[in-house]
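In: let's see this in three dimensions:
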Amino acid sequence: MSVGTPTASGTAVDVTIMTRAELALRGVRTPAAVHRPDGAGPSDDGHFTLGGLPGGANAALPTNPDSPYAVRDGRVWLGEQDTGLTLTPVRRPRFYDLTTADGVPYEHIARLHGADVLATTVVQTCIRYAEADRCRFCTIEESLRSAATVAAKSPAQLAEVAEAAVRLDGVRQMVMTTGTTTGQDRGARNLVRSLRAVLAAVPGLPVQVQCEPPGDLAWIRALHDAGATAIGIHVESLDDEVRRRWMPGKSSVPLAEYEAAWDEAVRVFGPNRVSTYLLVGLGEDPDELIAGAGRLIDRGVYPFVVPFRPMGGTLAARDGVPAPSADLLHRVTVGVAAKLRAAGMTGADQKAGCAACGACGVLSTAGG
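Out: Reported below is the predicted structural model:
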């Protein structure tokens, strides 16, 4: 790796990691065949495979006509400088051309993320979506308003789509997330039903499930026993002031509940089979964010660090909140990756889920 490009603060940085950070934030001037508009987050980017980097090849990048990065003959250029990276759009999957037995387009049931990850939001509504409660970075219900999905996917629909995605397009893992529901399970009950159906249709498919900490922690064991490979319990920030400002509804769940859920999940699933998103750019002190990530790592929880990006339709985009700088993303990513390496944890070892895919962040490039 090349070292020596200074940041705005004068600190030397790894050029490769900085370039990957800039691509995550500024995007590329090129079209994408697979694009994910709206949804639960963290981005509405185009999906590509990015060559010439350590770590994973999946990359979710803004398709930005104003980006300084262009693609010519499959190579990424910054002005007249060849970055040494290659970029290939993920091809439109064949399963998108099909409809379920009850007439719903497969694309409305689950989407391709990266080159080989099938992702679905099992319940596309959330009890926290009223403006006073809504997470400012989330658009989970906007895809309903644009008729790009359906409110609730049945286990049979998910099984049908997963089988086709594996058979036709070589999907190798799946992510199931959900909007928060009213019960004590907070959405886990629907995930259990969906898991059982999918794994009956595609035995052995690695699946990550994602939900808020269930009020009854027995649901974590139920998700494991239904066949989940990994679990994401996403807090987004460890700073209570940031949580109240950015996630007014979700912050009503105390950090102590997250900690109890993480510990139970590590006990049930094992170390480095549990992850949580940490968003860079919400105003949290970067050194505190890195230190908090270290405490998560000590618990056996993988902190998937990704940049906040103001998706269209979010409250943050409406209010003009910008994405973080590449310098900030680089600083946090390098700091967290060093702690992950010291602990022997990588996203790839999660086997399924956002950290295993790595497309929305830069950690895999930095050795995490």
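In: in a strand, residue 137, correct?
Out: No - counting by DSSP: H, G, I helix; E, B strand; the rest coil, residue 137 falls outside a strand, being coil.
In: please work out how many residues are found near it.
Out: Neighbours of residue 137 under the rule other C-beta atoms under 10 Å: 25. (Glycine included, C-beta is placed from N, CA and C.)
In: which ones are touching the residue lying farthest from the centre of the chain?
Out: Within the chain, residue 80 marks the point farthest from the mean C-alpha position, 32.2 Å out by C-alpha atoms, centre = their mean. Contact analysis of residue 80 by C-beta atoms under 8 Å, 6 or more residues apart in numbering lists nothing.
In: phi, psi of it?
Out: Residue 80 adopts backbone torsions of phi -100, psi 10, taken as degrees, to the nearest 10.
In: equivalent analysis for the one 10 residues further on, please.
Out: In this entry, residue 90 is assigned phi and psi values of phi -70, psi 130 (degrees, to the nearest 10).
In: so, low pLDDT: which residues of this protein?
Out: 1-13, 37-43, 54-56 (pLDDT under 70).
In: mind listing what's buried in the longest strand seen in it?
Out: Ranked by residue count, the top strand of the chain under DSSP state E comes out as strand 81-89. For strand 81-89, a neighbour-count test (16 or more other C-beta atoms under 10 Å) marks 83, 85, 86, 87, 89 as buried.
In: which other helices and strands contact the helix or strand following that strand?
Out: For strand 81-89, the succeeding helix or strand toward the C-terminus, using DSSP states H and E, is strand 111-113. Applying 3 or more C-beta pairs under 8 Å, 6 or more residues apart in numbering; DSSP states H and E, one finds that strand 111-113 contacts strand 117-121.
In: summarise which helices and strands the strand it packs on is packed against.
Out: strand 111-113, helix 155-169, strand 173-177.
In: what segments of the chain are helices?
Out: With helices called from DSSP state H, the chain shows them at 15-26, 142-145, 155-169, 188-201, 218-225, 240-246, 255-269, 286-299, 315-318, 326-343, 354-357.
In: which one of those lies nearest to residue 275?
Out: Taking C-beta to C-beta, helix 354-357 is the member of these nearest to residue 275, at 4.8 Å.
In: nothing else from me, thank you.
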